[in-house]
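J.: Okay, predicted coordinates and the sequence, questions at the end:
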Amino acid sequence: MKVQIDSGRCQGHGRCYTLAPGLFEEDDEGYGRVARDGAVPAGEEDAARLAAANCPERAVDLGEGA
């Protein structure tokens, strides 16, 4: 599974990096960004799904068998 953030939809609520800090981080302006290469390590899949489900703008996308 991989995660990505659509920067055009992100409004900087921060739920992604609050709920899944190992997968997302905050940029200098408070917007979310994907940490590392976006690959979700084993055991972090539920956190990725939680972050995607709680993004008000649906800016977090899951891929590859999400």
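T.: In hand now; what should we look at? Numbers count the residues shown, from 1 in each chain.

J.: So what touches stretch 2-19?
T.: Stretch 2-19 has contacts (C-beta atoms under 8 Å, 6 or more residues apart in numbering) with 23-26, 29-34, 37-40, 47-48, 50-52, 54-64. Every C-beta, even on glycine, is put in place using the N, C-alpha and C of the backbone.

J.: Could you rerun that using 6 Å?
T.: With contact meaning C-beta atoms under 6 Å, 6 or more residues apart in numbering, stretch 2-19 is reached by 23-26, 30-32, 34, 38-39, 48, 50-51, 54-57, 59-64.

J.: among those residues, which are in helices?
T.: Taking DSSP state H, the ones among these that sit in helices are 48, 50, 51.

J.: which among those end up buried?
T.: For those, a neighbour count by 16 or more other C-beta atoms under 10 Å gives the buried set as 48, 51.

J.: Please tabulate the ones in helices among the contacts of stretch 2-19 in TSV, including the columns pLDDT and distance to residue 15.
T.: What follows is the ones in helices among the contacts of stretch 2-19, written out as TSV (pLDDT from 0 to 100; distance: C-beta to C-beta, whole Å):
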residue	pLDDT	distance to residue 15
48	98	13
50	98	9
51	98	7
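
J.: circling back to that earlier point, buried only: go through the contacts of stretch 2-19 for me.
T.: Listed as buried from the contacts of stretch 2-19 are 23-24, 31-32, 34, 38, 48, 51, 55, 59-62; burial here means 16+ other C-beta under 10 Å.
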